[in-house]
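> Here is the input, now give the coordinates:
(one chain, ligands or ions: 2)
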Amino acid sequence: MAADDEILSVHDLRRSFGGVRALTGATFGVGRGTVTALIGPNGAGKTTLVNVVAGAMKPQAGSVVFDGRDITGRPSHDVALNGLIRTFQISREYPAMTVLENLMVSPQGQTGEHLWTVLFRPSRYRAEERAHLERALEVLADFGLYEKRNDYARSLSGGQKRLLELARAVMARPKLLVLDEPMAGINPALITRLAEHILALREREGTTFLMVEHNLDVVEDMCDNVIVMAVGRTLATGTMAELRENPEVVSAYLTGGLVDVRAQG
Ligand SMILES: Nc1ncnc2c1ncn2[C@@H]1O[C@H](COP(=O)(O)OP(=O)(O)OP(=O)(O)O)[C@@H](O)[C@H]1O
Ligand SMILES: [Mg+2]
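Ligands and ions are numbered 1, 2, ... in the order given. This next block holds a predicted model:
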């Protein structure tokens with residue numbers, strides 16, 4: 001793939017925690033407009049990779065280029081303003097806020113955050129607040145959470161919290177959404193719905209997705225491209241069908257002891 005077609009280009013990322021070498025050379029590209037999966041056994045370094053790409057953690061070596069900009073080691077709020085937003089392996093909603101408030105506090109880069117605007121340009125501040133509220137209500141309707149808008153986030157089911165997590169991430173119209181196990185712990189009906197939301201967002205808003213996922217049936221159904229990680233490095237890239245034929249990939253899963261790619265899908 002030509003670098004021009006890549007919204008994200010990651011080169012030789014390395015990161016250790018004391019003696020634990022979590023990333024030992026992660027290199028891959030994510031094509032603009034694709035839904036790309038990141039798979040690999042537990043402990044392969046997937047979450048560490050997400051953390052480094054999204055600016056939650058600095059790498060010790062390597063580079064991350066996002067949408068033509070070198071963002072290596074940039075803090076997450078900076079990266080988010082450029083259009084790269086991530087979600088977490090464990091949902092991180094604000095439990096004591098309502099569903100609507102959870103969306104209203106998501107990052108926006110509003111001018112209204114500056115006191116000067118609030119005091120001296122109140123009409124502009126109000127217009128932005130109104131647009132922000134309209135966007136929040138539209139996103140909630142899209143995710144089937146509109147009826148829950150005034151409920152406390154803590155009262156939602158696990159699956160609804162997953163939807164809320166995605167809805168919050170979508171608020172800022174990201175160019176790239178990085179999802180860390182969005183389907184974990186939710187029932188099959190909701191998995192189907194979440195997958196539909198992701199594909200609809202790609203269609204409607206042109207969002208690119210990079211998604212850590214253990215459920216290989218889901219990966220096969222919805223992802224254009226799959227990146228395999230094992231022991232801190234990227235091992236192979238391709239479609240699920242191609243990867244199933246790749247002995248190195250099959251063996252990584254077997255020695256990881258968890259999933260046999262041949263037995264799934
Ligand atoms: N903050 C940390 N401090 C120390 N070790 C860490 C830290 N974060 C991750 N590790 C270690 O780095 C390795 C990679 O962990 P990581 O969470 O990135 O794997 P993963 O592929 O996301 O696994 P899973 O599929 O279980 O979510 C593991 O050995 C883990 O114990
Ligand atoms: Mg993880």
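> Quickly note the distance from the closest residue to residue 230 other than its chain neighbours to residue 184.
Sequence neighbours aside, residue 252 is the residue nearest to residue 230 in space, at 3.8 Å (criterion: Cβ to Cβ, 6 or more residues apart in numbering). C-betas here are computed from N, CA, C, even on glycine. Residue 252 sits 21 Å away from residue 184, going by Cβ to Cβ, to the nearest Å.
> So the two - more neighbours on which side?
Set side by side, residue 252 and residue 184 show more neighbours around residue 252, with 21 against 16, by other Cβ atoms under 10 Å.
> how far does the strand or helix carrying the more buried one sit from the chain's center?
Using DSSP states H and E, residue 252 sits in helix 247-256. Centre-to-centre, helix 247-256 and its host chain are 25 Å apart (Cα atoms, centre = their mean, to the nearest Å).
> pLDDT on it, on average?
Here helix 247-256 scores 77 as its mean pLDDT.
> now stretch 49-59
Mean predicted confidence for stretch 49-59 is 96.
> Quote the end-to-end distance of it.
End-to-end span of stretch 49-59 (Cα to Cα, to the nearest Å): 9 Å.
> Any buried residues in it, and which?
By neighbour count with 16 or more other Cβ atoms under 10 Å, stretch 49-59 contains the buried residues 49-55, 57, 59.
> Say whether ligand 1 is contacted by the helix holding residue 252.
No. Helix 247-256 stays clear of ligand 1 (Cβ under 6 Å from any ligand atom), getting no nearer than 9.3 Å.
> CA atoms of that helix as CSV?
Taking C-alpha atoms only, helix 247-256 is exported to CSV below (Å, rounded to 0.1, in the frame of the first residue of the first chain):
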residue,chain,number,x,y,z
PRO,A,247,1.9,-21.2,9.6
GLU,A,248,3.7,-18.5,11.6
VAL,A,249,0.3,-17.0,12.6
VAL,A,250,-1.3,-20.3,13.4
SER,A,251,1.7,-21.3,15.6
ALA,A,252,1.6,-17.9,17.4
TYR,A,253,-1.9,-18.5,18.4
LEU,A,254,-1.3,-22.1,19.4
THR,A,255,1.8,-21.2,21.5
GLY,A,256,-0.2,-18.3,22.9
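> Does anything pack onto it? Which helices or strands?
Helices and strands touching helix 247-256, by 3 or more Cβ pairs under 8 Å, 6 or more residues apart in numbering; DSSP states H and E, are strand 225-230, strand 233-238.
> Among those, show me which one is buried the most.
Ranked by mean neighbour count, the helices and strands packed on helix 247-256 are led by strand 225-230 with a mean of 23 (mean count of other Cβ atoms under 10 Å).
> what are the pairing partners of that strand, and which direction each?
Note on strand 225-230: by DSSP bridges, its sheet partners are strand 35-39 (parallel), strand 233-238 (antiparallel).
> That strand close to ligand 1?
No. Judged by Cβ under 6 Å from any ligand atom, strand 225-230 stays clear of ligand 1, getting no closer than 6.7 Å.
> between that strand and helix 247-256, how big is the angle?
For strand 225-230 against helix 247-256, the angle between stretch directions is 50 degrees (axes from the mean of the first three to the mean of the last three Cα atoms, to 10 degrees).
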